[in-house]
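A.B. asks: Provided below are the primary sequence and the corresponding predicted coordinates.
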Amino acid sequence: MTTRGNSLDDLTDQAYSDADERAESAWLLARERDPAALPPSARIASDYAELEELLEDLPAGPTDERWQDEVLQAVRSAPRAPQLRWYGSLLRWLLGGGLVAAAALSLLALFLRVPTELDVAIRHSDATSRATR
């Protein structure tokens, strides 16, 4: 494995979900320096052994990329859904009409406001007018 210049001090800035993840990272860094470093748990050791086994079983030749050409050919030959030209123009008209209606309602609300003034009328009855004379 290659050494990337990482150290355990670099790991202090990393976010770990738990102590097991921190121990696994420390083990991977130690393993770069010493391949015989002991793993923190048997489960982690078995997981990494399985990954190494799968990586060793990869085919040695160049990868077969014919599947990409087959997928592209299938996409090109697939029937397309009919394009609805009127849909775009209808959407634009509806959006424009909605904006015009909103502007008109805003103007109506501004100009047709009910005055918020309070009209107060003082009415004197005969009893109060006699008392003041």
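C.D. replies: The structure has been received and is ready for your questions.
A.B. asks: going forward, measure contacts between C-alpha atoms and count neighbours the same way
C.D. replies: OK.
A.B. asks: In this protein, where is pLDDT below threshold?
C.D. replies: Scanning the chain for pLDDT under 70 picks out the ranges 1-14, 60-62, 81-84, 115, 127-133.
A.B. asks: go with 50
C.D. replies: In the predicted model of the chain, residues 1-4 satisfy pLDDT under 50.
A.B. asks: From residue 22, how far out is the residue nearest the centre of the chain?
C.D. replies: Central residue of the chain (CA atoms, centre = their mean): residue 15, 20.3 Å from the mean position. In this view, residue 15 and residue 22 are 9 Å apart by CA to CA, to the nearest Å.
A.B. asks: Let's verify the residue nearest to the centre of the chain: helix, strand, or coil?
C.D. replies: coil (DSSP: H, G, I helix; E, B strand; the rest coil).
A.B. asks: now do residue 71
C.D. replies: Three-state assignment for residue 71 (three-state DSSP): helix.
A.B. asks: Where is the longest helix in this protein?
C.D. replies: When the chain is parsed with DSSP state H, its longest helix is helix 85-111.
A.B. asks: Buried residues in it, which are they?
C.D. replies: Neighbour-count burial for helix 85-111, counted by 16 or more other CA atoms under 10 Å, picks out no residue.
A.B. asks: Now find how far off-centre that helix is within its chain.
C.D. replies: Its chain's C-alpha centre and that of helix 85-111 lie 30 Å apart, by CA atoms, centre = their mean, to the nearest Å.
A.B. asks: got the residue ranges for the helices in the chain?
C.D. replies: If DSSP H is used as the criterion, the helices of the chain fall at 19-33, 42-56, 66-77, 85-111, 126-131.
A.B. asks: Looking at those, spot the one closest to residue 119.
C.D. replies: helix 85-111 (20.5 Å; CA to CA).
A.B. asks: Could you name the helices and strands sitting against that closest one?
C.D. replies: Helices and strands touching helix 85-111, as assessed by 3 or more CA pairs under 8 Å, 6 or more residues apart in numbering; DSSP states H and E, are absent.
A.B. asks: burial count for residue 67?
C.D. replies: Residues lying near residue 67 (other CA atoms under 10 Å) number 9.
A.B. asks: one step back: mind checking the helices of the chain for the one nearest to residue 120?
C.D. replies: For residue 120, the closest of the helices of the chain is helix 126-131, at 18.1 Å, according to CA to CA.
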